[in-house]
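Engineer: Sequence and predicted model, in that order:
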Amino acid sequence: MASHNAEIRGRSFGDRVLFGLVILLALAMAGPVLYVIALSLKDNKELMVDPHSVFHMPYTIKNYIDTIGTSNVFSWVLNSFIVAGGLTVLTLILSSLAGYGFARLNFPGRDVLFVIVLLGLAVPEQAVLIARHQIFSWLGLHNTYPGLILPGLSSAFGVFLMTQYFRAIPKELDEAALLDNASRFRVFWKVLLPLTVPAQATLGIFTFLGAWNDYFWPLISATKKEMFTLTVGIASTQQNFAQSQGIGFLMAQAVFAGAPILIIYLFFQKYIVTAVSGAAVR
Amino acid sequence: MTLRKLFLATISAATVMMASPSFAATELQVQRFFGACDADFGKNTDVSKAVGECGIITSLINKFAADNPDIKVNVTTVEWPGYDQLTAQFASGDAPDIVTIHESALSDYQSKGLLLPLDDLLKTVGVTPDQFTDAAKEGATKDGKIYGLPIDNWTMLYHINMDLFKKAGLVNADGTPILPKSPEEVLAQAEQFKQKTGKPYFVQNLANETALFTRNLYTYLFQQNSDFFADPKKVKFNTPEAKKVVEMYKAIYDKDYTTKNLDYAGAINAFLAGEGGVQLNGTWVVGDYNAQSEKPGTALNKGGYAVYPYPQLFSGAKAQYADGHTWAVSKKDRSPEQTAAIGKFLKFFADNDFEWSRTGHLPAYKAVIESPKFKALPHRDTISAIATLGKPLPSAVQRQFAIQDIVGEEMSAAISGQKPVDKALADMESRVNELLANL
């Protein structure tokens, strides 16, 4: 502690101001999260009468018991992991292969195809929702894992990101490997793919978070409670007027839904920060 | 025992099990909102011990399942109001058998031929429309047929802090609150209230809100006999009657006779903390407010809590906007056993409407509303008039939830001064008509 204080005293005035601002920003970010956690530990009826009671005892874990007591909640967590995990793995595979193809291979219509893929970035999901829902109905894909995973696989962003990343890798690396009689796939798998790990991490994080938090497509595709994802399942347990009469329960659900992401972040913190900052400066 | 005998014994046992009643149970897919409360009531079958919408409906379904072991009830709970999900289910041909639908939303599905008319089915189980209250019957009837079993009616009410009303001198000799009888009296009493108590007369949730504005407008248009939905596909909001209502609420806002910038939860907190005289809120909070009024030390315990229908401010019909919840049945091919099981389920809810009315909603059945045990519930003597006052929009009007958002947005803009009243009413009318023209 003493060495830390000495370190701060040794800094310039500008550094100290910056340090103070960072602390303020951190508090501004952490404040709402702590408030949510505190609300989740309060009795609903007490909060309804006096919202300020959040700042003092008594606290209770009843809201968490009620959340976990909902019969299907663990299957919803499992569904979310299967959908978000499956989508992430498949998106990384497809985007990497497509990115390598667009960046390194010459084939007829490549540039036109790439522009068509990029146009996908400009099409909002809402524009294709009804047609997609109808097609999935005909194919009998609603209330199935493929029905929840397949729509996310057409990731124009992923293909674009990986293409740009592969393009930034010097071609000499491929040529050297090809001269050593390596196959195209071996060059991709052994030489280039390991160099794209920061981009894969970035794409993987965004894909996982997007799929974990997705609400509308699971709402209209997974209509059987056994197939609900966590977002849809938790929303379904909310009673009318939850925002006034069950605010503690609502906040416990928010903590519960966010906890898996937080745990993943704690485990992969160093890697995620490196990946995101790497993507930002690139 | 030889292997052959063991094999035959296994096959026989399996055959017997498959033929047993437990394997022949008729399955019903039931979908509802009102939330989940499995931790408290997931296994409860004693309905009298349940409280709140979620607790009572969960316990009622548990009781039905326990009483009818030959029927397997598979319940899916959806987020309120669940219509995106339901529409998607109908589109993919996978709709539940029985589903909760508001009376105001029945037309959206009935008009497309997706719901089963229930008159014949209900008749077979002894439930007839003449048993319904007027408000429930009107809300559940579309094109002359019943399309949902009504279970309640709900509406907005005047929730009153009697302590502040006494301080404001707005109490009759018999202890009942003095309520206004005209728009002018609303403003005069609100001014008197503000002078005497230093607080606003109304506690309203005007932030992030559309429903309250819309329900207020409908109620006072009904009271002026304004037939604004004479044509269910073309509304008339740009009228002198609508202007009177909006201008009254604008005056309330401009003269600080109401709380401002409160959302729904904030308005409840403010009313319970005694920060205003009248809160405009629904039937569903009667139980909670009554419980608060019985707790020493609370703002509502000081002088008491009273609750009334909206006062009659105009000389037209005695009416106020009401909606209700129903159980609707999807149209699909079913076996006679499945249809009979649905009939049993609906009959069970009709028979247990008193239990549901403990939520604070008004019963949908005359026998319940006239029963001593219902009248013995707190404040039901003052609010049961809703059963005859309650009036929905005409049954053929579709997209009522979407219309509510448009009306609320425009009314909010007019009241808060973002738009002139005339412009807001013109925009309200044209936006709703554009929506209805594209159905």
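Structural biologist: Structure's in. What do you need? Residues are numbered from 1 along each chain as shown, chains lettered A, B, ... in the order given.

Engineer: C-alpha from now on. contacts and neighbour counts both.
Structural biologist: OK.

Engineer: Make sure residue A:199 is actually in contact with residue A:165.
Structural biologist: Yes: counting by C-alpha atoms under 8 Å, residue A:165 is a contact partner of residue A:199 at 7.0 Å.

Engineer: list the contacts for residue B:396?
Structural biologist: If you count contacts by C-alpha atoms under 8 Å, 6 or more residues apart in numbering or on different chains, residue B:396 has them with B:107, B:142, B:143, B:232.

Engineer: Would you confirm that it belongs to a helix?
Structural biologist: No: counting by DSSP: H, G, I helix; E, B strand; the rest coil, residue B:396 is not found in a helix; it is coil.

Engineer: chain center to stretch B:232-240: distance?
Structural biologist: 24 Å (C-alpha atoms, centre = their mean, to the nearest Å).

Engineer: Please identify the buried residues of it?
Structural biologist: For stretch B:232-240, the neighbour count (16 or more other C-alpha atoms under 10 Å in any protein chain shown) marks B:233, B:234, B:235, B:236, B:237, B:238 as buried.

Engineer: List just the nearest of these to chain A.
Structural biologist: Chain A has its nearest neighbour among those in residue B:233, at 24.8 Å by C-alpha to the nearest C-alpha.

Engineer: pretty sure that closest one contacts residue B:438?
Structural biologist: No: using C-alpha under 8 Å, residue B:233 is not in contact with residue B:438; the gap is 9.7 Å.

Engineer: about what we covered before: from the buried residues of stretch B:232-240, which is closest to residue A:31?
Structural biologist: Using C-alpha to C-alpha, residue B:237 comes nearest to residue A:31 of these, at 45.5 Å.

Engineer: And that closest one, its phi and psi?
Structural biologist: With angles defined as degrees, to the nearest 10, residue B:237 sits at phi -100, psi -20.

Engineer: what sits against it?
Structural biologist: By C-alpha under 8 Å, 6+ apart, residue B:237 lies in contact with B:228, B:425, B:426, B:428, B:429.

Engineer: Narrow those residues to those that are buried.
Structural biologist: The buried subset of the contacts of residue B:237 (16+ other C-alpha under 10 Å) comprises B:228, B:425, B:428, B:429.

Engineer: Please narrow these to those residing in helices.
Structural biologist: B:425, B:428, B:429 (DSSP state H).

Engineer: what would those look like in JSON lines with distance to residue B:326 and pLDDT?
Structural biologist: Below are those laid out as JSON lines (distance: C-alpha to C-alpha, whole Å; pLDDT from 0 to 100):
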{"residue": "B:425", "distance to residue B:326": "32", "pLDDT": "97"}
{"residue": "B:428", "distance to residue B:326": "29", "pLDDT": "97"}
{"residue": "B:429", "distance to residue B:326": "29", "pLDDT": "97"}
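
Engineer: any idea which of the residues you listed is the one closest to chain A?
Structural biologist: Distances from chain A to these, taken as C-alpha to the nearest C-alpha, are shortest for residue B:428 (25.6 Å).

Engineer: That closest one reaches residue B:410, doesn't it?
Structural biologist: Yes: taking contacts as C-alpha under 8 Å, residue B:428 lies within contact range of residue B:410: 5.8 Å.

Engineer: residues in contact with residue B:208?
Structural biologist: Neighbouring residues of residue B:208 by C-alpha under 8 Å, 6+ apart: residue B:263.

Engineer: Confirm that it sits in a helix.
Structural biologist: No: using three-state DSSP, the assignment for residue B:208 is coil, not a helix.

Engineer: Distance to residue B:223 added to the buried residues of stretch B:232-240, as JSON lines?
Structural biologist: What follows is the buried residues of stretch B:232-240, written out as JSON lines (distance: C-alpha to C-alpha, whole Å):
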{"residue": "B:233", "distance to residue B:223": "22"}
{"residue": "B:234", "distance to residue B:223": "20"}
{"residue": "B:235", "distance to residue B:223": "17"}
{"residue": "B:236", "distance to residue B:223": "16"}
{"residue": "B:237", "distance to residue B:223": "15"}
{"residue": "B:238", "distance to residue B:223": "17"}
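
Engineer: okay, now whatever residue of the stretch 101-250 of chain B ends up closest to chain A: neighbour count?
Structural biologist: Chain A sits closest to residue B:205 of the stretch 101-250 of chain B, with a gap of 11.8 Å, by C-alpha to the nearest C-alpha. By other C-alpha atoms under 10 Å in any protein chain shown, the residues close to residue B:205 number 26.

Engineer: residues touching whatever residue of the stretch 1-150 of chain A ends up closest to chain B, list them.
Structural biologist: Closest residue of the stretch 1-150 of chain A to chain B, C-alpha to the nearest C-alpha: residue A:69 (4.7 Å). Neighbouring residues of residue A:69 by C-alpha under 8 Å, 6+ apart: B:38, B:39.

Engineer: Okay, it and residue B:108: tell me how far apart.
Structural biologist: 35 Å (C-alpha to C-alpha, to the nearest Å).

Engineer: What of residue A:79?
Structural biologist: In terms of C-alpha to C-alpha, residue A:79 sits 32 Å off from residue B:108.

Engineer: so what's residue 62 up against?
Structural biologist: I'll assume chain A. Here residue A:62 is in contact with A:41, A:43 (criterion: C-alpha under 8 Å, 6+ apart).

Engineer: look at chain B instead
Structural biologist: B:42, B:43, B:44, B:45.

Engineer: Contact residues of the stretch 51-200 of chain B facing chain A?
Structural biologist: Contact residues (C-alpha under 8 Å from any C-alpha of the partner chain) of the stretch 51-200 of chain B with chain A: B:54, B:76, B:77, B:78, B:79, B:80, B:84, B:85, B:88, B:89, B:91, B:92.

Engineer: average model confidence for the helix or strand containing residue A:21?
Structural biologist: For residue A:21, the host element (DSSP states H and E) is helix A:13-40. In this model, helix A:13-40 carries a mean pLDDT of 90.

Engineer: just stretch B:220-240 next, same as before
Structural biologist: 96.

Engineer: Burial check on residue 68, number of neighbours?
Structural biologist: Just going to use chain A. By other C-alpha under 10 Å, the residues close to residue A:68 number 17.

Engineer: I was thinking of chain B, sorry if that wasn't clear
Structural biologist: When neighbours are counted by other C-alpha under 10 Å, residue B:68 registers 15.

Engineer: How much space separates it from chain A?
Structural biologist: 22 Å (C-alpha to the nearest C-alpha, to the nearest Å).

Engineer: Quick one, grab the pLDDT at that residue.
Structural biologist: On pLDDT, residue B:68 comes in at 96.

Engineer: and the residue nearest to residue B:108 when sequence neighbours are not counted, how many neighbours?
Structural biologist: Distances taken as C-alpha to C-alpha, 6 or more residues apart in numbering or on different chains put residue B:398 closest to residue B:108, at 5.3 Å, once the chain neighbours are dropped. Under the neighbour criterion other C-alpha under 10 Å, residue B:398 is assigned a count of 23.

Engineer: how about the helices in the stretch 201-350 of chain B?
Structural biologist: For the stretch 201-350 of chain B, applying DSSP state H, counting those that start in this stretch gives helices covering B:211-222, B:240-254, B:264-272, B:286-293, B:299-303, B:336-351.
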